[in-house]
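In: Below are the sequence and a predicted model; questions follow.
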Amino acid sequence: MDNFIKQFEQYIGTERNYSANTLRAYSRDLCEFGDFLKSGNNAQDINEVNDVVIRRFIGLLNNKNSKSTIERKLASLRAFFDFLQREKIIKANPAKLIPSPKKEKKLPVFLSVDEMFRLIDQDLGNGVMGLRNKAILELMYSSGIRVGELVNLKLDNLNIENSEIKLLGKGSKERIVPVGKKAIISLLAYLQSREVLKPKTDKLFVNNRGTQISERSIGRIVKKFAQAACLSKNVSPHALRHSFATHLLGSGADLRAIQDMLGHSSLSVTQKYTHTSIERIMNVYDKSHPRS
């Protein structure tokens with residue numbers, strides 16, 4: 001099992017170009033399943049794993065995991081056994097026989113326009129680090145970029161003249177995304193001071209050691225300044241991506257265009273923002289209409 005997991009990790013890491021976070025999640029889920037197989041008479045060989053074994057594993061998860069976590073672990077197993085089937089190691093994917101647990105649909109966390117301005121327009125630090133923080137927040141809100149795409153963004157992916165960036169998203173899919181004037185101004189200010197950090201990489205955003213900034217550091221930056229702006233919501237880098245899409249949709253942008261900018265493979269993924277907008281409309285209606 002361990003050898004098959006390593007083969008799968010290499011496949012999704014190199015051929016599918018999955019993010020480091022996704023790799024870690026798959027690895028944790030599959031190692032947990034591997035430990036389950038070793039713990040009893042569940043299966044001695046990968047070909048002995050059937051839907052009954054997987055149902056037994058899911059049954060144990062039900063006692064200590066949320067439905068969304070179980071759904072993710074099941075998705076990991078489906079992808080893993082798909083790979084094994086494609087490599088002709090097994091004949092069929094047993095995980096496909098297991099239905100996903102029903103879960104409540106949660107609306108994505110996003111900031112209002114005023115909250116977004118409070119976050120970005122505050123004092124974000126002194127010198128080149130403050131300029132970098134400003135450029136990071138402006139670019140995330142301006143483009144809807146994923147945090148994994150942000151940390152891997154290279155200098156030559158940035159086209160200042162055309163106000164756009166080239167991104168390599170999930171599945172190695174390239175896309176061109178426009179960048180607003182405010183973000184371009186902040187990026188230019190950062191680039192003019194970037195050499196102070198003595199960069200050792202061609203990545204656009206670096207830390208105080210001149211090396212590539214990490215996704216975790218981006219998360220800390222967002223949370224730090226969200227708290228400084230007295231925002232009560234759980235603000236993460238992904239919340240800025242949600243805010244980008246929600247504000248575009250609320251201003252009349254086409255859903256297909258938002259899909260392309262976000263790099264979603266399916267329109268159904270992007271459609272969750274329509275629910276957010278509907279909820280906002282209902283809140284306004286309830287507060288404003290005399291007969292609501």
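Out: Yep, that arrived. Numbering: from 1, shown residues only.

In: wait, H247 sits on V113?
Out: Yes - H247 is in contact with V113 according to Cβ atoms under 8 Å; the separation is 6.1 Å. Yep, even glycine has a C-beta here, placed from its N, CA and C like the rest.

In: which SS class is L77?
Out: helix (DSSP: H, G, I helix; E, B strand; the rest coil).

In: Report pLDDT for it.
Out: Looking at L77, its pLDDT is 94.

In: how much space between it and D254?
Out: 37 Å (Cβ to Cβ, to the nearest Å).

In: Look at these two and report which has more neighbours.
Out: L77 (22 against 10; other Cβ atoms under 10 Å).

In: Distance check, the nearest residue to R146 once chain neighbours are set aside against N21.
Out: Closest residue to R146 apart from its sequence neighbours, by Cβ to Cβ, 6 or more residues apart in numbering: R241 at 6.6 Å. In this view, R241 and N21 are 14 Å apart by Cβ to Cβ.

In: Tell me the pLDDT of I278.
Out: The predicted local confidence for I278 is 57.

In: and if you look at K272?
Out: 68.

In: related to what we said a few turns ago, so for R241 and N21, which residue has more residues nearby?
Out: R241 (22 against 13).

In: what's the distance between P101 and E71?
Out: Taking Cβ to Cβ, one finds P101 at 6 Å from E71.

In: Could you chop this protein up by domain?
Out: Using automatic domain parsing, the domain ranges for the chain come out as 2-97, 113-287.

In: what's near enough to touch L248?
Out: 257-258, 261 (Cβ atoms under 8 Å, 6 or more residues apart in numbering).

In: my guess is it is in a helix, correct?
Out: Yes - counting by three-state DSSP, L248 is found in a helix.

In: Quick one: residues contacting the nearest residue to K166 once chain neighbours are set aside.
Out: Excluding the flanking residues, the one nearest K166 by Cβ to Cβ, 6+ apart is N157, at 4.6 Å. Shown in contact with N157 (Cβ under 8 Å, 6+ apart): 165-167, 204.

In: Can you tell me how far N157 is from I54?
Out: 41 Å.

In: again, but for R86
Out: In terms of Cβ to Cβ, R86 sits 18 Å off from I54.

In: These two: which is more packed in?
Out: Neighbours per residue, other Cβ under 10 Å: of R86 and I54, the larger number sits with I54, 23 against 11.

In: avg pLDDT for stretch 155-163?
Out: Mean predicted confidence for stretch 155-163 is 94.

In: no no, stretch 178-198
Out: 96.

In: That stretch: which residues count as buried?
Out: 179, 183-184, 186-187, 189-191, 194, 197 (16 or more other Cβ atoms under 10 Å).

In: Looking at the residues you listed, which two lie furthest apart in space?
Out: Spatial extent of the buried residues of stretch 178-198 (Cβ to Cβ) is set by the pair V179 and L197 at 21.7 Å.

In: Look up phi and psi at the closest residue to Y11 other than its chain neighbours.
Out: The shortest distance from Y11 to any non-neighbouring residue, by Cβ to Cβ, 6+ apart, is to F83 (5.9 Å). Dihedral pair for F83: phi -60, psi -50, per degrees, to the nearest 10.

In: who touches the residue nearest to the spatial centre of the chain in this structure?
Out: Residue closest to the average C-alpha location in the chain (Cα atoms, centre = their mean): R146, at 5.4 Å. R146 makes contacts with 19, 169, 238, 241, 263, as judged by Cβ under 8 Å, 6+ apart.

In: ok, now how distant is the fourth one from K64?
Out: As judged by Cβ to Cβ, R241 and K64 stand 30 Å apart.

In: Looks like G127 contacts S193 (just checking).
Out: Yes - with contact defined as Cβ under 8 Å, G127 and S193 form a contacting pair (7.4 Å).

In: all helices of the stretch 151-292 of the chain, in order?
Out: Secondary structure of the stretch 151-292 of the chain (DSSP state H, counting those that start in this stretch): helices at 181-193, 215-228, 237-250, 255-262, 267-270, 272-288.
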